[in-house]
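Chemist: The sequence and its predicted three-dimensional model are supplied below.
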Amino acid sequence: MAEVKIAIVGVGNCASSLVQGIHYYADGNPDEVCGLMHWIIGGYTPGDVKVVAAFDIDERKVGRDVNEAIFAEPNCTTIFHRDIPHMGVDVSMSPIMDGFAEHMLDYPENRRFKPIENEEPSKADIINTLVESKADVLLNYLPVGSERASRFYAECALEAGVAFINNMPTFIASDPQWAKRFEERGLPIIGDDIKSQFGATISHRVLSDLLKKRGVKLDRTYQLNFGGNTDFLNMLDHHRIKTKKRSKTEAVQSAVAKRLDNEDMHIGPSDYVAWQKDNKVAFIRLEGRLFGDVPMNMEIRLSVEDSPNSAGVAIDSIRCCKLALDRGEVGVLSAPSAYFCKHPPQQMTDDEAFSQTEQFIAGCNGNDL
């Protein structure tokens, strides 16, 4: 059976949900499974995805097999499939760079990263691990604000000849210079900043688009989010969330009829509530005017387990990237990036992104759509 070999940067909650899901669906019946957007893509099922390398900075994870590391603290996501076999893949040490927010040292160990004090590996070490693992795709799951570290791993992917999926809001796929480098290297890339399967951003986009289609004038809107995982704790440092706020805001702005002034749209991470753990709560409010300028407003509350919500998209993104490798398609995969990510190079409506991604999977070249 053909495999999709992946390397993961950041063995946190999102990686835990992804690895659990790979094994959860491995023996699933395609006529009965739920929670997937696609059972099969390019001949690959979820069970065909195989982790061959992983990188992290936490002493509770580095040196341990991936099947153990995904359950180590400070990971706190729901465990829906604990029976993960020994993989024979130990988590490798990663350079720390800007992947760690200093303020997190002020919190209990079970809530924060615990950086290992070993000598950091070189770029050559990372590239060598990727090459020896024969990884097809490298997934970036670094914390928000890891700008330098994210670009470091994009460089490693280029030099190792590995496709790249940028799940974080460092702008790489949406940067024309980076996109050109992947194209020239003959590698596909998907990015930036993964959308959840059914999260706050996709819900906000759909509601904004619905108002537009129904002739309702949207005057102002906000999206407030909070949770208790390390992602939310990391984002208490507001210097680290500039690109995150921009990514989420642009995702919604692209769905409204007329771009709103900055003061009329507020979207972004809001607070950390430790006991929420990996549960994310989002509050969305839209205010507008109906027929005769009569005012209306709408509020919704969404509660989701954050990391499985991400993994539901990542499992498709991985297989689309592998499909592009098999076909020899290079550079940014435009349709999958628009469908799977908040800040793609080319924003599309969700209907357009869905339709064009289906065409990509069916055999059309996503870069020509």
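Modeler: Thanks, I have it.
Chemist: How about the secondary structure of the residue lying farthest from the centre of the chain?
Modeler: Going by CA atoms, centre = their mean, the residue of the chain most distant from its centre is Gly292, 41.8 Å out. Look at Gly292: counting by DSSP: H, G, I helix; E, B strand; the rest coil, its state is helix.
Chemist: just how off-centre is stretch 145-157 within its chain?
Modeler: Relative to its parent chain, stretch 145-157 has a centroid offset of 15 Å by CA atoms, centre = their mean, to the nearest Å.
Chemist: ok, what's across the strand from Arg301?
Modeler: Note on Arg301: beta-bridge partners by DSSP bridges are Phe283.
Chemist: so where do the strands sit in the stretch 101-250 of the chain?
Modeler: 137-140, 163-166, 188-191, 217-227 (DSSP state E, counting those that start in this stretch).
Chemist: what does the helix or strand of the chain with the lowest mean pLDDT rub up against?
Modeler: Ranking every helix and strand in the chain by mean pLDDT, DSSP states H and E puts strand 265-272 at the bottom, with a mean of 88. Here strand 265-272 makes contact (CB atoms under 8 Å, 6 or more residues apart in numbering) with 144, 201, 204, 220-228, 232-233, 235-236, 241, 244-245, 248-249, 252-253. Just so you know, the C-beta spots here come from the backbone N, C-alpha and C atoms, and that holds for glycine as well.
Chemist: Can you give the strand pairings for that strand, parallel or anti for each?
Modeler: According to DSSP bridges, strand 265-272 forms sheet pairs with strand 217-227 (parallel).
Chemist: contacts for the partner strand?
Modeler: Strand 217-227 has contacts (CB under 8 Å, 6+ apart) with 200-201, 204, 208, 211-212, 232, 248, 252, 256-258, 260, 264-273, 276-289, 293, 306.
Chemist: Of the contacts of strand 265-272, which count as buried by neighbour count?
Modeler: Among the contacts of strand 265-272, the ones that count as buried by 16 or more other CB atoms under 10 Å are 144, 201, 204, 221-228, 232-233, 235, 241, 244-245, 248-249, 252-253.
Chemist: what's stretch 310-318 in contact with?
Modeler: Contacts of stretch 310-318 (CB under 8 Å, 6+ apart): 4, 6, 14, 17-18, 20-22, 25, 35-38, 41, 46, 49, 137, 139, 165, 167, 190, 194-197, 336, 340.
Chemist: mean confidence for it?
Modeler: Averaging pLDDT along stretch 310-318 gives 97.
Chemist: could I have it exported to CSV, CA atoms only?
Modeler: Extracted C-alpha coordinates of stretch 310-318, given in CSV (Å, rounded to 0.1, in the frame of the first residue of the first chain):
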residue,chain,number,x,y,z
SER,A,310,-7.9,21.4,13.2
ALA,A,311,-7.0,17.8,12.5
GLY,A,312,-10.1,17.3,10.5
VAL,A,313,-8.7,19.7,7.9
ALA,A,314,-5.0,18.7,8.2
ILE,A,315,-5.8,15.1,7.2
ASP,A,316,-7.1,16.4,3.9
SER,A,317,-4.4,19.0,3.4
ILE,A,318,-1.8,16.4,3.8
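Chemist: now it, how far from the centre of its chain.
Modeler: That offset, for stretch 310-318, works out to 8 Å (CA atoms, centre = their mean).
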